[in-house]
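> Predicted coordinates and the sequence they were generated for:
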Amino acid sequence: MPKSTLESAIQKAASDFALTIVEAVKGSTLDELMALQGETPKRRGRKPGRPKKKAKPGPKPKKKVGRPPKAKTATRKKPGPKPKAKSAATKKSAANKKRSINYPKCAYPGCKNNRYARGKGFCGDHFKEFKAGKIAPADSYSG
């Protein structure tokens, strides 16, 4: 029970105020309530698709792709006569010369394999035989 008339008046005003607020909230929409808060309803999750690229400040100069052009000389020589066309046989021999590299061969007679780097003059197979004592050293075959 209220002790004084002031307390009873405050209690009555507070209950009337609360009832008025509850009735106003019941009659309003969700958007109106969110607007009172100062926020808009947010959706949960991320937006579909790729994120937009942020604008970069100021234009950049365009770079040319590839090698820069060669500097042109002031004087130009006239082109000389064109070289003669090569026959098919000379083309094949030229291609074979480019591809064939002469590696040192195995010292064992009749063997055409390349030497093993640490094989003391032999290919891999003959070096194993030399280590086993089945064949003589490479110096005895070379002369």
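Sure, I can see it.
> Now do the helix or strand where Tyr141 lies, average pLDDT.
According to DSSP states H and E, Tyr141 maps onto helix 139-142. Across helix 139-142, the average pLDDT comes to 80.
> next one: stretch 84-92
For stretch 84-92, mean pLDDT rounds to 66.
> thinking again about what came up before, which residues in the helix holding Tyr141 does the neighbour count mark as buried?
Judged by neighbour count (16 or more other Cβ atoms under 10 Å), helix 139-142 contains these buried residues: Tyr141. The C-beta positions use only the backbone N, C-alpha and C, and glycine is treated the same way.
> Assign a three-state SS to the nearest residue to Ala136 once chain neighbours are set aside, would you?
Once flanking residues are discounted, Ala136 sits nearest to Phe130: 7.9 Å by Cβ to Cβ, 6 or more residues apart in numbering. Following DSSP: H, G, I helix; E, B strand; the rest coil, we place Phe130 in the helix state.
> Okay, Phe130 and Gly110: tell me how far apart.
Plainly put, Phe130 is 15 Å away from Gly110 if you go by Cβ to Cβ, to the nearest Å.
> repeat for Ser8
128 Å.
> next one: Ala138
Relative to Gly110, and taking Cβ to Cβ, Ala138 is found at 14 Å.
> Check Glu32 too.
According to Cβ to Cβ, Glu32 and Gly110 sit 103 Å apart.
> So between the two, which is more surrounded?
It is Glu32, of Glu32 and Gly110, that has more neighbours when counted by other Cβ atoms under 10 Å, with 11 against 5.
> Where does that one fall, secondary structure wise?
Glu32 is part of helix 30-37 when elements are defined by DSSP H and E.
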